[in-house]
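Peer 1: Sharing a model prediction with you, sequence too.
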Amino acid sequence: MTTHEPSTDRDGWSAPTGADHPARSVVVPAGPDPDPGPEPAPESAPEPAPEEDSGRGWGRDLLLIAGTCLILLLVVNAFVARPFAVPSGSMENTLRPGDRVVANELAYAFGGHVRRGDVVVFDGTGSFLPYADEPSAGRRLLDRLGLAPGGDSVFVKRVIGVGGDRVTCCGSDGRLRVNGVPLDESAYVAPGDAPSRVPFDVVVPDGRLWVMGDHRSDSRDSRDHLGEPGGGFVPESRVIGRAEWVVFPFGRWTSLDRPEAFAATGGTGGHGHPR
């Protein structure tokens, strides 16, 4: 009987049992290692972008928004609509002291004309202020942009007569007449006021307006300037715009519509007929 002797290592020690079978967890290369070549250079990490100052970015955005809003406001004030504060009670009860009105500056643009019954905001230099100096070009620009207060030269009144109209007061019935047509002014003249305690008979020159306050007993208007240069007539070119809305106080928010009383005068004299 023969026995199988385990093989020995070079130093004479017996090889461990199972050494000729590698463990399953050992990876044995099938052949000599291939040349792996030069190792790839490690990818360099991208340089971090400089962090933008978030506060500075927001600041620029806010300045841009504020600048845009300011430009839009100036454009609107100069060419579209302008707010005005009512300083006195000369237009009560239509307008009261402290009311804020918005004047539509496009109401008479593109060939339009002021019509009887309109409430207008105008510059009284040369008419209600016949001896006042003309404002400088710079001041006019600031006024136009709404960057300067109108001061004492800006008025708000109701148009009674336009160029070519004959306006008289008062007839045997106590009414004011335009081209012979009596006006029923009960819808806007302050309660208890007469149409006028001052008699007058005027013909409005072309391109000019005869204006009166709705609070006739407490209004300095065209009647008070009859004997002065300009005769109290307001040039149409001095009209800033038609007062369209009362916007403050909020409880008095309303539109300022042309009274129906003036419909009876449509087509009589001047350019006051409906358009």
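Peer 2: Looks like it came in fine.

Peer 1: so where is the stretch 1-150 of the chain shaky, pLDDT-wise?
Peer 2: Residues of the stretch 1-150 of the chain meeting the criterion pLDDT under 70: 1-55, 67, 70-80, 133-150.

Peer 1: mean confidence score for the longest strand seen in the chain?
Peer 2: Ordering each strand of the chain by length in residues (DSSP state E) puts strand 239-248 first. Across strand 239-248, the average pLDDT comes to 95.

Peer 1: which secondary structure elements does that strand contact?
Peer 2: Applying 3 or more C-beta pairs under 8 Å, 6 or more residues apart in numbering; DSSP states H and E, one finds that strand 239-248 contacts strand 81-85, strand 100-104, strand 119-123, strand 254-255. Backbone N, C-alpha and C define where each C-beta goes, glycine included.

Peer 1: list the contacts for the residue nearest to A81 when sequence neighbours are not counted?
Peer 2: In this structure, A81 finds its nearest non-sequential neighbour in V102, 5.1 Å apart by C-beta to C-beta, 6 or more residues apart in numbering. V102 is in contact with 81-84, 243-245, 247, counting by C-beta atoms under 8 Å, 6 or more residues apart in numbering.

Peer 1: run the last query once more with 10 Å
Peer 2: Neighbour list for V102: 80-84, 121, 241-248, 256 [criterion: C-beta atoms under 10 Å, 6 or more residues apart in numbering].

Peer 1: do R56 as well
Peer 2: No residues are in contact with R56 under the rule C-beta under 10 Å, 6+ apart.

Peer 1: and what of G89?
Peer 2: Contact analysis of G89 by C-beta under 10 Å, 6+ apart lists 95-97, 190, 213-215, 218-219.

Peer 1: cutoff 7 Å now
Peer 2: 96-97, 215, 218 (C-beta atoms under 7 Å, 6 or more residues apart in numbering).

Peer 1: do A103 as well
Peer 2: With C-beta under 7 Å, 6+ apart, A103 has these contacts: 81-82, 84, 121, 240-243.

Peer 1: roughly how far apart are it and E236?
Peer 2: A103 is 15 Å from E236, where distance means C-beta to C-beta, to the nearest Å.

Peer 1: Equivalent analysis for F155, please.
Peer 2: F155 sits at a distance of 14 Å from E236 (criterion: C-beta to C-beta).

Peer 1: who's more crowded, those two?
Peer 2: More crowded of F155 and E236, by other C-beta atoms under 10 Å: F155, with 27 against 19.

Peer 1: Dihedrals phi and psi, the more buried one?
Peer 2: When read as degrees, to the nearest 10, the backbone of F155 gives phi -130, psi 160.

Peer 1: contact partners of the longest strand of the chain?
Peer 2: 82, 95, 99-105, 107-108, 114, 118-123, 156, 252-256.

Peer 1: And for stretch 158-178?
Peer 2: The contact list for stretch 158-178 (C-beta under 7 Å, 6+ apart) reads 114, 116-120, 179, 182-183, 185, 194-196, 199-212, 214, 265, 268-272.

Peer 1: what does the average pLDDT come to for it?
Peer 2: What stretch 158-178 shows for mean pLDDT is 95.

Peer 1: Now do the buried residues in it.
Peer 2: For stretch 158-178, the neighbour count (16 or more other C-beta atoms under 10 Å) marks 158-170, 175-178 as buried.
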